[in-house]
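**Student:** pasted the sequence and its predicted model underneath.
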Amino acid sequence: MDKKIALITGASRGIGQNILKTLSKEYIVIGTGTSKDSVSKINQLILDLKADGKGLILNNDPNTLEDLFNEILSLYNKGPDILINNAGITSDTLFIKMSEDKWQSVIETNLNLTFKVTQTFIKQMIKSKYGKIVFITSVVGHTGNPGQTNYVASKSAIIGFSKSLAIEVASRNINVNCISPGFISTDMTDNLNDNQKDAILTKVPMKKLGKPDDISNAVLFLVSDKSSYITGETIHVNGGLFMP
Ligand code: NAP
């Protein structure tokens, strides 16, 4: 049988990089970064792992998405079987100071780009009657978080979006699910100061930040056939911080 292809957005660092590493043991992995430097990092990692795959550029320039689509089709003669929508940014400030630019930049990357990527690649999945789509959301999309109205709006929107999509494509053998991380040790959480980290840890029953591996292991389950009857669901990976 042909090896399946997994496309992971935002795979140059953090959670996405770890997902790429984990999935590379079983799948062809295409990872995206926003720049040539990021893509070189991904290609070097794929080389070091002796894995099958490639790094390619994806950012808010629509040409990059078109090129990504064409490049995957020309390399593999088919689209990805697995799509991990992981790329995301924060741009935090209290709502009263939230500029339209800060609002738009987070909505554009976290929500609009996710919509465009998913719409671009789901068509091939519908044709081939197979697909696994995973959205990396966030615990704060369920709870809210001061200083993150833009980020929380983008993540909550994806949770609703994924449920509607899951219903629309369920009969086409496409599973659509979310993984909602709590606080995971990456560049994103390195931006928090010690006081903010302490405040978070007092609320986490396990008293530690999560590791990117904790997210990748949940991804591995959701893209496997072991979860074939699960769709429209969110797996919470947060050390007990939030229990819906
Ligand atoms: P990260 O370390 O900051 O990495 C972000 C990734 O997204 C990088 O690969 C980056 O590429 C890419 N990216 C940034 N802007 C982009 C754009 N406009 N278009 C396409 N790709 C873009 O983030 P992370 O902590 O691993 O987070 C990954 C996902 O998990 C995000 O969706 C985040 O919201 C979610 N999450 C993280 C945590 C946490 O505690 N870390 C908690 C909850 C949810 P470059 O390297 O080229 O910039």
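**Tutor:** Thanks, I have it.

**Student:** the lowest-mean-pLDDT helix or strand in the chain: which residues count as buried?
**Tutor:** In the chain, no helix or strand scores lower on mean pLDDT, DSSP states H and E than helix 187-190, which sits at a mean of 84. Neighbour-count burial for helix 187-190, with 16 or more other C-beta atoms under 10 Å as criterion, is recorded at 188-189. C-betas here are computed from N, CA, C, even on glycine.

**Student:** how far does it sit from the chain's center?
**Tutor:** 16 Å (C-alpha atoms, centre = their mean, to the nearest Å).

**Student:** so, low pLDDT: which residues of the protein?
**Tutor:** For the chain, the stretches with pLDDT under 70 are 1.

**Student:** residue contacts, A87?
**Tutor:** By C-beta atoms under 8 Å, 6 or more residues apart in numbering, the contact set of A87 is 9-10, 16, 32, 58, 109-110, 113-114.

**Student:** mind listing which of those residues are in helices?
**Tutor:** Cross-referencing the contacts of A87 against helices under DSSP state H gives 16, 113-114.

**Student:** most surrounded residue in those?
**Tutor:** Each of the ones in helices among the contacts of A87 was scored by neighbour count (other C-beta atoms under 10 Å); the top score is that of G16, with 27 neighbours.

**Student:** surely it and N85 touch.
**Tutor:** No. Applying C-beta atoms under 8 Å as the test, G16 and N85 come out as separate, 9.9 Å apart.

**Student:** longest helix in the protein, please.
**Tutor:** helix 149-169.

**Student:** chain center to the top strand by length along the chain, what's the gap?
**Tutor:** Ordering each strand of the chain by length in residues (DSSP state E) puts strand 174-181 first. Relative to the chain's own centre, strand 174-181 is displaced by 9 Å; criterion: C-alpha atoms, centre = their mean.

**Student:** roughly how far apart are the residue of the chain most remote from its centre and the ligand?
**Tutor:** For the chain, the largest distance from the centre (C-alpha atoms, centre = their mean) belongs to I96, which lies 28.8 Å off. Distance check for I96 against the ligand: by C-beta to the nearest ligand atom, to the nearest Å, it reads 23 Å.

**Student:** list phi and psi for the nearest residue to S24 once chain neighbours are set aside.
**Tutor:** Residue nearest to S24 in three dimensions, not counting chain neighbours: A51, with 3.6 Å by C-beta to C-beta, 6 or more residues apart in numbering. The main-chain torsion angles of A51 are listed as degrees, to the nearest 10 and equal phi -100, psi 170.

**Student:** is it true that A51 touches I30?
**Tutor:** No. When contacts are counted by C-beta under 8 Å, A51 is not listed as touching I30 (11.0 Å).
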